[in-house]
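S.K.: Could you look at this predicted model? Sequence included:
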Amino acid sequence: MPASLRAMLVIGSLSAAVATSSAAEVPSPAADSLDGLRFTGQAGEKGKGDHHKDTIMFTNGLFRALNCENWGFGAGRYTVEKKGDAYHFKATLMSPDRGKLEWTGEIVGDRANATFRWTHERWYRTIIRDYWFEGARQAGTR
């Protein structure tokens, strides 16, 4: 086999190996999913001393705030964007008679910090209140 043909085969094999290696290292969109994560902590209205226990979770592309479900706010689709070591998420939870909750949060390591705004439009006035959540990842979740 001529040397030039051997060189072309080696270069072709190396190119294929590099291409395969690069493709395997690129994370799939599923790698940025928060599904399977669950955080338990405290939540409360901003500027007030009161707070309560709450749990947030990500399942099948949906975000849930368990304490908010007691008030009729169902699960909502979430979006996530990874920036460095942090995952930034957003979700809107709707209630048929209590309005909506707009969540914005950040997950770094085993900690989640978020804010959420409750908006309830009524014919005589609109209620807008801002809340916070701080929690730790529950053991045994992804």
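M.R.: Yes, it's here.

S.K.: Give me the number of neighbouring residues for residue 91.
M.R.: 23 (other C-beta atoms under 10 Å). C-betas here are computed from N, CA, C, even on glycine.

S.K.: other SSEs contacting the one helix or strand it maps to?
M.R.: For residue 91, the host element (DSSP states H and E) is strand 86-95. Packing contacts for strand 86-95, counted by 3 or more C-beta pairs under 8 Å, 6 or more residues apart in numbering; DSSP states H and E, involve strand 62-65, strand 76-83, strand 99-108.

S.K.: I'd like those strands as CSV, with mean neighbour count, distance to residue 55 and mean pLDDT appended.
M.R.: Below are these laid out as CSV (neighbours: other C-beta atoms under 10 Å; distance: least, C-beta to C-beta, whole Å; pLDDT from 0 to 100):
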stretch, mean neighbour count, distance to residue 55, mean pLDDT
strand 62-65, 20, 8, 97
strand 76-83, 14, 15, 95
strand 99-108, 18, 13, 97
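
S.K.: Can I get those in CSV including distance to residue 42?
M.R.: Shown next, in CSV, are these (distance: least, C-beta to C-beta, whole Å):
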stretch, distance to residue 42
strand 62-65, 13
strand 76-83, 21
strand 99-108, 14
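
S.K.: hmm, back to that, determine the angle, from 0 to 180 degrees, between the strand holding residue 91 and strand 76-83.
M.R.: 170 degrees (axes from the mean of the first three to the mean of the last three C-alpha atoms, to 10 degrees).

S.K.: Mind listing what's buried along strand 86-95?
M.R.: 87, 89-93, 95 (16 or more other C-beta atoms under 10 Å).

S.K.: Quickly list what residue 127 is bridged to.
M.R.: Here residue 127 sits in beta bridges with residue 120, going by DSSP bridges.
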